[in-house]
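[1] generate a structure from the sequence data that follows.
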Amino acid sequence: MFKVFSSKLQFFTMSEIQKFEVLFILGGPGAGKGTLCRNINEKYGYVHLSAGDLLREERMNSNSKYGELIENYIKDGKIVPVAITCSLLDRAMQMTDSPHKRFLIDGFPRNQDNIDGWNEAMSNKCVIKGVLFCQCSKEVCTQRCLKRGAAGSGRSDDNEEVLVKRHETYISNTLPIIEYFEKEGLVYKVNSMQLPEKVFEEAKEILSKIGW
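    Numbering: from 1, shown residues only. Prediction:
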């Protein structure tokens, strides 16, 4: 009897270890999510997956059946259907050769539908370690995005018209998601209006707290 119990316990432990560990990085458009993820990646080697970048890459893929659909959603400042985003994230995680199995997912989930879709498609593959919330004012976010667009970011959503829609989507859809995770005790906040080095220092303390 003891041996059976012991083997079952070992099985569940191994199953848990094999799951990918995920830290969601959320904040408004231009809040500094990408910069923070790059700094964490350079320091710790954890894999940075930008949901937006994956969608933009898929949009540019001439063989993709979702390219035009993704482009239309991005231009309208809307959230792309979750099934598409989850499939791209899943593919990227499966293809990585990083030894860490730890992923920074930037810009996802962005609404309740995203959470529901993630739970359905990915909960058996991933463990959510927390949400790193980059707090930044709308004004600063907008200035950063416009500056990025003027510098030639190549992003069709880095303009004033689309930014208004993106902020509206963020406030109405994404902020409630942060509140949802906060009730679960999974939200860790950083002041991303500071210089990137200072934001990174705050993030390092958080990573230590969650055991990364």
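[2] okay, and Ile178 sits in which element?
    Using DSSP states H and E, the secondary-structure element containing Ile178 is helix 175-183.
[3] just checking, what packs against that helix?
    The elements that helix 175-183 packs onto, with contact taken as 3 or more Cβ pairs under 8 Å, 6 or more residues apart in numbering; DSSP states H and E, are strand 20-27, helix 112-122, strand 126-135. Any C-beta I mention is one placed from the backbone N, CA and C, and that applies to glycine too.
[4] from what I can see Asp116 touches Cys86, true?
    No: between Asp116 and Cys86 no contact is recorded; they are 10.4 Å apart, counting by Cβ atoms under 8 Å.
[5] what about whatever helix or strand comes next after the helix holding Ile178, distance to the chain center?
    Scanning forward in sequence from helix 175-183 by DSSP H and E, the next helix or strand is strand 187-191. Counting by Cα atoms, centre = their mean, to the nearest Å, strand 187-191 is centred 14 Å from the centre of its parent chain.
[6] okay, now the sheet partners of strand 187-191, with direction.
    If you go by DSSP bridges, strand 187-191 pairs up with strand 126-135 (parallel).
[7] next secondary structure after the strand it pairs with?
    If you walk from strand 126-135 toward the C-terminus, the next helix or strand you reach (DSSP H and E) is helix 138-150.
[8] now that next one: buried residues?
    Within helix 138-150, the residues that qualify as buried by neighbour count (16 or more other Cβ atoms under 10 Å) are 138, 141-142, 144-145, 148-149.
[9] name the helices or strands packed onto it?
    Helices and strands touching helix 138-150, as assessed by 3+ Cβ pairs under 8 Å, 6+ apart, comprise helix 160-169.
[10] quick one: buried residues of the helix it packs on?
    Of the residues in helix 160-169, those with enough neighbours to count as buried (16+ other Cβ under 10 Å) are 162-163, 166-167, 169.
[11] any idea how many residues pack against Asp116?
    12 (other Cβ atoms under 10 Å).
[12] just give the number of residues close to the residue nearest to it when sequence neighbours are not counted.
    Nearest-residue entry for Asp116: Val82, 7.4 Å, with adjacent residues in sequence omitted and distances by Cβ to Cβ, 6 or more residues apart in numbering. Applying other Cβ under 10 Å, we find 21 residues neighbouring Val82.
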